[in-house]
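Asks: With the input below, show me the fold.
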Amino acid sequence: MSNVSKKMLMAAAGSAGGAGLDVDEVFSTFLYEGNGGTQSIVNNIDLSGEGGLVWTKARETAYVHSLIDTVRGTKKDLRSSGDDAEGTMSSSAGFSSFNSNGYSIAGQFGTWGSLNVNNEDHVSWTFRKAPKFFDCISIDVADPEPTTVTVNHNLGQQVGMVIMKPYLHTYPWYVWHSSLNANKNLELNTTAAESSFGGTGFSSTSTTITIPGSFVHSGSSNGKCMLYLFANNNNDGEFGPDSDQDIIKCGSYTGNGNYTANEVNLGFEPQWLLIKKVTADGSNKGWVLVDNMRGWTADGGANWIYPNTNDAEQVATSLVKLTSTGFKPNGSSLTASSNDTFIYVAIRRGPLAVPEDATKIFSVQTKTNDPTAYDSGFPVDMALRRNSRSGTGDNEIGTRLLGTSKGYTNESDVFDSDHPEFRWDFMGGWNSNASLTTNSISWMWKRAPSYFDVVHYNTSSYPISVPHSLTVTPEMIWYKDREHASSWAVWHKDVTGYLYLNADNAVNTYTGLFGTHTATNVIFDNLETGNNCVAYLFATLDGISKVGSYNGNATDNHVIDCGFSSGARFVLIKKSSNPGEWFVVDTVRGIVSGADPFLELNQNRAEITNDDIVDPNSSGFALSSRADCNANGQTYIFYAIA
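Replies: All right, here's what the predicted structure looks like:
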């Protein structure tokens, strides 16, 4: 039985509920460097068992798009940037296999080299067949050409968009989107506006799609056509732990020449977005494809690719803003020209499931030399970095959501708006893109439900309620106005008021900065208006992370039980009842029964290596008698990760 079938049966098992598929099980944006030979792409998508489509593009050079699906096989390639018929590759080109966790590339060959160009950055988007997400179907329509062709599909709901290609002929890629009239279509391989045609148009049900017969080119000797079908969840998705989440939306909006007054509200934060102007010939080459792995930010910056050309990846500082519930197109003619209509397909950011392995969502790495990449084993969403542990230096903080924008936890300064040291287009960590000192360190987080999230917003008035994806009420929040030289404000569930991340102050008992947070929204009161603000949200997750507090007792081996089984790998401690530093220790540098190397997030001074703060304990960590972290009668907050 397939994984889809198993999960559908689980979901139908009764009111007790069963888990649906996660986003990460059906869709992947994967970045890799070509090697000119063979390599395997492990994106954890089951293509051999479930089937689907892989769409690949070289990012740096004008190579073709390659679309290879499990229906036609590993050696059959289509190119969205032209109207060519499919190509057949040799044994040394194309894919060698579809796998249960991705696919394997056979090698580079001629014009097919876009799959694996030596030393070239590549991106692949993988769409797995799954109900209410995606399906791919090959049809063969015989002469004489019928008026319409009705095709069975497995989406389980009406089709949101279909991309179709008569694949044995030089013929356009036809696109029909549910936001278009039944008798209008687009072409994926051109910039053309929507066009009208006579006769019976497109239509769909939950089990079939009907297409005009002329679109499959059955008037020739062969009417073989490939259909790629995308669902449109409308509060009827069956994904996530409770089988009740939407992950894909197909819709439309009208541009207004600037950032839209109201965002395109999807109900979720997208990770992949395809946009096309439909009411006029698409300027700047028409179709636009962005994703959060290659660079798509809350400020509107995006690295985009034209599906209809072979052009290399483009870079824009202001194209479409990513929000926690959708996106905001800007004034570019690509995405928001006044009074024009645009269609889109958006796929949700994952995961939806609560993580069970702390090593897949948090990592620490020290570097003693180049290369510049910090390796975590997973795509990083937020990184703290100290480039010099032995000397003075700032504690830098960067976030995928903000791209190259960088802040400093030890300063009240505005964020650097364009700091290319922070690069996020890396599957196994992040890249500093700069020479490192001989003793740098980075702590790395992945966003995940019940564990960690990041939100960004801009407002002209307070209070403001900002949606988040934590799925539980946050227990600690780091807040910063990125455009104003003001202190970091830290809200913590166990203090009344707030703390400063960039200072050693005791709790400020003023309670007017933050409201009452919920499992879906964080509330900000009486803060700076008109500026871009960012907030980092932390929560307790059983066996993974712990946000808490304790009272000091001035004795050694004061155990702080976090509910862990193998001790804490990371501990952050701050005295809240009186002034005190923000101490950071981790197992990479050493949490031992003796001196623990530690840094202070609110200071730029060198690492201290000759003092004991904490000792190992399997349930969390144990405190030494040091007054800074365990003074009798003093109160401390902490954050620990297993």
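
Asks: starting at the chain centroid, how far to stretch 633-642?
Replies: Distance of stretch 633-642 from the chain centroid (C-alpha atoms, centre = their mean, to the nearest Å) equals 30 Å.

Asks: got the CA positions of it in PDB?
Replies: Extracted in PDB, the C-alpha atoms of stretch 633-642 (Å, rounded to 0.1, in the frame of the first residue of the first chain):
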ATOM      1  CA  GLY A 633      17.400  34.400  46.300                       C
ATOM      2  CA  GLN A 634      17.900  35.700  42.700                       C
ATOM      3  CA  THR A 635      15.600  34.900  39.800                       C
ATOM      4  CA  TYR A 636      16.800  33.800  36.300                       C
ATOM      5  CA  ILE A 637      15.200  33.000  33.000                       C
ATOM      6  CA  PHE A 638      16.700  30.400  30.700                       C
ATOM      7  CA  TYR A 639      16.200  28.800  27.300                       C
ATOM      8  CA  ALA A 640      17.700  25.300  26.600                       C
ATOM      9  CA  ILE A 641      17.700  23.000  23.600                       C
ATOM     10  CA  ALA A 642      18.300  19.200  23.800                       C
END
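
Asks: And it, what's buried?
Replies: For stretch 633-642, the neighbour count (16 or more other C-beta atoms under 10 Å) marks Gln634, Thr635, Tyr636, Ile637, Phe638, Tyr639, Ala640, Ile641, Ala642 as buried. Every residue, glycine included, has its C-beta placed from N, CA and C.

Asks: who touches the third one in this structure?
Replies: Tyr636 makes contact with Ser549, Tyr550, Asn551, Gly552, Ile573, Lys574, Lys575, Ser576, Ser577, Gly580, Cys629, Asn630 under the criterion C-beta atoms under 8 Å, 6 or more residues apart in numbering.

Asks: what about 7 Å?
Replies: Ser549, Tyr550, Gly552, Ile573, Lys574, Lys575, Ser576, Cys629 (C-beta atoms under 7 Å, 6 or more residues apart in numbering).

Asks: Could you list which of those belong to helices?
Replies: Per DSSP state H, helices hold the following members of the contacts of Tyr636: Cys629.

Asks: Most neighbours among the contacts of Tyr636, which one is it?
Replies: Lys574 (29 neighbours; other C-beta atoms under 10 Å).

Asks: surely it meets Val584?
Replies: No - with contact defined as C-beta atoms under 7 Å, Lys574 does not count as touching Val584 (10.1 Å).

Asks: between those two, what contacts are shared?
Replies: Counting by C-beta under 7 Å, 6+ apart, nothing touches both Lys574 and Val584.

Asks: Just the buried residues of stretch 423-434, please?
Replies: Here stretch 423-434 shows Arg423, Trp424, Asp425, Phe426, Met427, Gly429, Trp430, Asn431, Ser432 as buried, counting by 16+ other C-beta under 10 Å.

Asks: List the contacts of the first one.
Replies: If I follow you right, that is Arg423. Contacts of Arg423 (C-beta under 7 Å, 6+ apart): Trp430, Asn431, Asn433.

Asks: Now pLDDT and distance to Asp504 too, for these, in TSV please.
Replies: Formatted as TSV, the contacts of Arg423 follow (pLDDT from 0 to 100; distance: C-beta to C-beta, whole Å):
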residue	pLDDT	distance to Asp504
Trp430	93	29
Asn431	88	33
Asn433	70	32
